[in-house]
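Student: I would like the atomic coordinates for the input below:
(one chain, ligands or ions: 1)
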Amino acid sequence: LKLNIIIAESALELIPDELGSLPAVVNDSKRRSVEPARILLDRSIHHAAMRRLKDRFKRGRPDLVHITLLSITSTPLYLNGFVKVYIHTYDDMVLEIKETTRPPKNYFRFRSLIEKLLFEKVNNDLIKVYIASLSELLEMIRPDLIIGLSMQGEYENLENLVKKIITKKNPAILIGGFAHGHFLPNTLKVLDELIGIDEMPLDAHVVAARLVYELERRIRK
Ligand SMILES: C[S@@+](CC[C@H](N)C(=O)[O-])C[C@H]1O[C@@H](n2cnc3c(N)ncnc32)[C@H](O)[C@@H]1O
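Tutor: Have a look, this model is predicted:
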């Protein structure tokens with residue numbers, strides 16, 4: 001079994017051109033001495049500039065993508081090579097993380113790494129970066145089952161969900177890498193199933209950690 005976890009439609013992107021000249025962005029760019037096109041869009045810094053941005057509630061949360069990634073990559077399941085993680089972004093870039101790679105825990109180191117990868121689009125030994133929509137990414141992975149996790153999905157407890165994926169060789173699970181909103185219709189189209197694991201909306205990092213732990217327990221049995 002290799003579980004592909006896709007952190008999908010993630011709120012992780014470089015500052016879009018149209019925001020480049022707005023004061024919140026210009027100030028940050030001066031402070032960091034980095035041009036806007038090389039800076040990650042971050043609501044906590046660029047809030048004022050995002051006021052008119054399309055889908056603004058779904059964008060600019062690199063911090064929560066970082067936490068979600070760590071909640072997967074710090075686990076025995078991941079370190080033993082059972083999980084591969086892909087970060088798919090709002091603007092259809094993909095960061096493919098080589099199995100067992102440990103991303104930086106420090107947020108500022110994570111930020112510089114991702115800014116460099118997204119801007120230069122040059123692979124390093126541990127992370128590949130390329131342009132791909134979710135459906136293109138899934139064509140490459142060729143999963144034998146594709147499950148999206150969402151509040152709006154049919155409720156299923158995690159134990160049953162894990163029973164379903166453990167019989168597969170190359171399943172993919174999508175977790176939304178955003179703080180508000182839901183998967184786009186185009187994303188829903190590529191899923192075999194949409195499943196909710198709790199009646200409450202949970203943070204992506206909690207969903208990821210619970211999924212990984214449940215699978216880990218099942219594999220150890
Ligand atoms: C913070 S949520 C996004 C907000 C969205 N309003 C929601 O309630 O799902 C981030 C991601 O966590 C996952 N998620 C959150 N709550 C969930 C639940 N109860 N069941 C399954 N997945 C959930 C989904 O993949 C979602 O896209």
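Student: contacting residues for the nearest residue to Leu40 once chain neighbours are set aside?
Tutor: Once flanking residues are discounted, Leu40 sits nearest to Pro62: 4.8 Å by C-beta to C-beta, 6 or more residues apart in numbering. Just so you know, the C-beta spots here come from the backbone N, C-alpha and C atoms, and that holds for glycine as well. Counting by C-beta atoms under 8 Å, 6 or more residues apart in numbering, Pro62 touches 11-12, 40-42, 110-111, 114.
Student: do the same with Val83
Tutor: 2-5, 72, 75, 77, 99, 212.
Student: my hunch is that Val173 is in a strand, does that hold up?
Tutor: One thing to correct before we go on: residue 173 is Ile, not Val. Yes - Ile173: assigned to a strand according to DSSP: H, G, I helix; E, B strand; the rest coil.
Student: show me what contacts the closest residue to the ligand within the chain?
Tutor: Using C-beta to the nearest ligand atom, the single residue of the chain nearest to the ligand is Gly176, 2.1 Å away. By C-beta under 8 Å, 6+ apart, the contact set of Gly176 is 7-9, 149-150, 182-183, 204.
Student: Now with 10 Å, please.
Tutor: 6-11, 58, 68, 148-151, 182-184, 187, 204, 207 (C-beta atoms under 10 Å, 6 or more residues apart in numbering).
Student: and if you look at Glu18?
Tutor: Counting by C-beta under 10 Å, 6+ apart, Glu18 has contacts 49, 52-54.
Student: will you turn those into JSON lines that also has secondary structure and distance to the ligand?
Tutor: Shown next, in JSON lines, are the contacts of Glu18 (DSSP: H, G, I helix; E, B strand; the rest coil; distance: C-beta to the nearest ligand atom, whole Å):
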{"residue": "Ala49", "secondary structure": "helix", "distance to the ligand": "23"}
{"residue": "Arg52", "secondary structure": "coil", "distance to the ligand": "22"}
{"residue": "Leu53", "secondary structure": "coil", "distance to the ligand": "18"}
{"residue": "Lys54", "secondary structure": "coil", "distance to the ligand": "18"}
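Student: Could you turn the buried ones of those residues into a ChimeraX selection?
Tutor: Buried subset of the contacts of Glu18, written as a ChimeraX selection, criterion 16 or more other C-beta atoms under 10 Å:
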select :49,53
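Student: so, in contact with the ligand or not, the helix or strand hosting Glu154?
Tutor: Assigned by DSSP states H and E, Glu154 falls within strand 146-155. Yes - judged by C-beta under 6 Å from any ligand atom, strand 146-155 and the ligand are in contact via 149-151.
Student: who does that strand pair up with?
Tutor: Note on strand 146-155: by DSSP bridges, its sheet partners are strand 172-176 (parallel), strand 193-196 (parallel).
Student: ok so, going back, which of the contacts of Gly176 fall in helices?
Tutor: 68, 187, 204, 207 (DSSP state H).
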